[in-house]
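1. sharing a model that was predicted from the sequence below.
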Amino acid sequence: MGGLSIWHLVLVAVVVLVLFGGKGKLSDIMGDFAKGIKSFKKGLSEEDEAKAKAAETPVVPKDPTAH
């Protein structure tokens with residue numbers, strides 16, 4: 001108990017390589033994550049604007065006497 005197996009070391013090595021390996025991979029990952037959140041928020045606000053616009057449009061009832 002308490003010892004590190006080969007799988008623990010491999011997992012730690014993979015995490016270190018993903019976070020710190022190469023040319024700023026962590027910043028690229030976080031940038032993509034931020035773009036996704038902004039896109040999601042924009043989609044929600046566009047949906048709310050469309051609902052508000054639909055609610056503002058007056059509904060004109062048909063004249064029952066006109067044939």
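-> Here it is on my side, so go on. Residues are numbered from 1 along each chain as shown.
2. now residue 26: how far from residue 16?
-> To residue 16, residue 26 is 11 Å away according to CB to CB, to the nearest Å. C-beta coordinates here come from the backbone N, C-alpha and C atoms, glycine included.
3. next one: residue 4
-> Here the distance between residue 4 and residue 16 works out to 14 Å (CB to CB).
4. the chain: helices as residue ranges?
-> Per DSSP state H, the chain carries helices over the ranges 6-20, 25-56.
5. let me have those in a markdown table, adding mean neighbour count, distance to residue 65 and mean pLDDT as columns.
-> Output for the helices of the chain, formatted as a markdown table (neighbours: other CB atoms under 10 Å; distance: least, CB to CB, whole Å; pLDDT from 0 to 100):
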| stretch | mean neighbour count | distance to residue 65 | mean pLDDT |
| --- | --- | --- | --- |
| helix 6-20 | 10 | 73 | 86 |
| helix 25-56 | 10 | 28 | 83 |
